[in-house]
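Visitor: sequence and computational prediction follow.
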Amino acid sequence: MGIERIAVVGGGTMGNGIAHVAAQHGKSVRLVDVSSEVLERAVATIAKNLDRQVRKEVLDEAARDATLERIETVNDLEAGAVGVDLVVEAVPEKAELKYSIFETLDRVADEHAILASNTSSISITEIAARTRRPERVIGMHFMNPGQLMKLVEVIRGLATSDDTTAATVALSEQLGKTPVEVNDFPGFVSNRVLMPMINEAVFALMEGVAEPEAIDTVMKLGMNHPMGPLALADLIGLDTCLNILEVLHRELGDDRYRPCPLLRKYVAAGWLGRKAGHGFYVYD
Ligand SMILES: NC(=O)c1ccc[n+]([C@@H]2O[C@H](COP(=O)([O-])OP(=O)(O)OC[C@H]3O[C@@H](n4cnc5c(N)ncnc54)[C@H](O)[C@@H]3O)[C@@H](O)[C@H]2O)c1
C-alpha cells in the first residue's frame, strides 16, 4: 500500500519537522494540534527551515513554495485524522494522553490507515492494544530535528504485521531516511542508550564535578560527539528527557535509570531547554 496522505498529530518540536520532511518529499500533510498558536508557530518554523535549505541550495524556491502548499493545519483531531493513509502521533510523552489519542484515531481514521507513534519510550504494544487494529500500529521514531536527521527507528509492537512494517520502512526511505527495525522494549535502542548518558551528565553537574560547558566539551572533544549531552538535552526538551527516564525507570525496574533530582528541578522551574529559552544554557 502506498502512503501519500499523512496526518501529523502534535505540531511541537518533532511534529513540525516530520510535517516538513513529509511535505518536502511530495506527501500531502495535515498538521493537527489542539493549539492554533502552536500551528501558526509550526508553519512559521517550517517556512524558516525551508528558507535555510534554499540559502544552502539544497532546495529551490519553487520546491519550497510547493512544500508549504502541501501542508494544511487543523485544530480538531477527529477531523484531522479522516482521509489519510498514515497518522504519525507526536504529542507529549505521556502514556495516558497517547492512549486516548489512539482510541480516537482508531475510531475516526480510515480502516486501511496505519497509526504510528513517534514515542521515545512508551510501549507500542500497549498503545496498539487500545485500538481494534493492533496489526496496523507501529513506532516511527524520528530524531530531532526531524527534517534533517537520517534515522527512523521503526518499532514493531507484538501484533504489528509484516505489511505495516514494510509500508513504514518504504515510506521512511521515500522521505530520504534510513529506517532501522527494532523490537518493542522501553526506550527501544536510541533512548535506552542515550538517556542514561544525559542523566549521568546532569548528576555530574549536580555534584559539582564540572560546569555545563566543561561537561559538554569533554564529550565533544574527548568522545567525538557532535553535541555535548547537556546541549543535546536542551534540544530534546528537559520535560521529554524526564518523561523518558521515568518510563525506563518504571518499566525496567532498575535504579540506574533514576532521573537526576536536578533534572526534576529544572523541569519544575519551567526550564525546559531551547523551546523555553532556558535549560542548562540560556537561549535568545
Ligand atoms: N524532542 C525530541 O527531541 C524528540 C525526539 C524524538 C521523539 N520525540 C517524541 O516525540 C513526541 C513529541 O515530542 P515533542 O518534543 O515534539 O513535544 P512538544 O511538547 O514540543 O510538542 C507536543 C505538541 O503536542 C500538542 N498536543 C498536546 N495534546 C494534544 C492533543 N490532544 N492533540 C493534538 N496535539 C496535542 C501540544 O500542543 C504540542 O504542540 C514525544 O512522544 C517525544 O517523546 C521527541
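Guide: Perfect, thanks for sending it.
Visitor: how about the residues of this structure that lie near the ligand?
Guide: 9-15, 32-35, 38, 77, 90-93, 101, 118-120, 141-144, 236-237, 240, 275 (CB under 6 Å from any ligand atom). The way it works is simple: take the backbone N, C-alpha and C, and place the C-beta from them, glycine included.
Visitor: if any of those are buried, give me the ChimeraX selection for them.
Guide: With 16 or more other CB atoms under 10 Å as the criterion, this ChimeraX line picks the buried residues out of those:
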select :9,10,11,12,13,14,15,32,33,38,77,90,91,93,101,118,119,120,141,142,143,144,236,237,240,275
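Visitor: in helices, which of the residues of the chain next to the ligand fall?
Guide: Among the residues of the chain next to the ligand, the members falling in helices (DSSP state H) are 13-15, 38, 77, 101, 236, 240.
Visitor: pull the most distant pair out of those.
Guide: Using CB to CB, those span at most 24.6 Å, a distance reached by 77 and 236.
Visitor: which other helices and strands contact the host helix or strand of residue 22?
Guide: Assigned by DSSP states H and E, residue 22 belongs to helix 13-24. Counting contacts by 3 or more CB pairs under 8 Å, 6 or more residues apart in numbering; DSSP states H and E, helix 13-24 packs against strand 5-9, strand 28-32, helix 36-55, helix 61-69, strand 137-142.
Visitor: isn't residue 86 up against residue 112?
Guide: No. Residue 86 is beyond contact range of residue 112, at 9.8 Å (criterion: CB atoms under 8 Å).
Visitor: more neighbours: these two, which one.
Guide: residue 86 (26 against 11; other CB atoms under 10 Å).
Visitor: check contacts around that one.
Guide: 3, 5-7, 113-116, 171 (CB atoms under 8 Å, 6 or more residues apart in numbering).
Visitor: which one among the ones in helices among the residues of the chain next to the ligand gets closest to residue 131?
Guide: Comparing those against residue 131 with CB to CB places residue 101 closest, at 10.5 Å.
Visitor: any idea how far that closest one lies from residue 218?
Guide: Distance, residue 101 to residue 218, using CB to CB, to the nearest Å: 40 Å.
Visitor: follow-up on the earlier one: rebuild the helices and strands packed on helix 13-24 as JSON lines, extending it with mean pLDDT.
Guide: Formatted as JSON lines, the helices and strands packed on helix 13-24 follow (pLDDT from 0 to 100):
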{"stretch": "strand 5-9", "mean pLDDT": "98"}
{"stretch": "strand 28-32", "mean pLDDT": "98"}
{"stretch": "helix 36-55", "mean pLDDT": "97"}
{"stretch": "helix 61-69", "mean pLDDT": "98"}
{"stretch": "strand 137-142", "mean pLDDT": "98"}
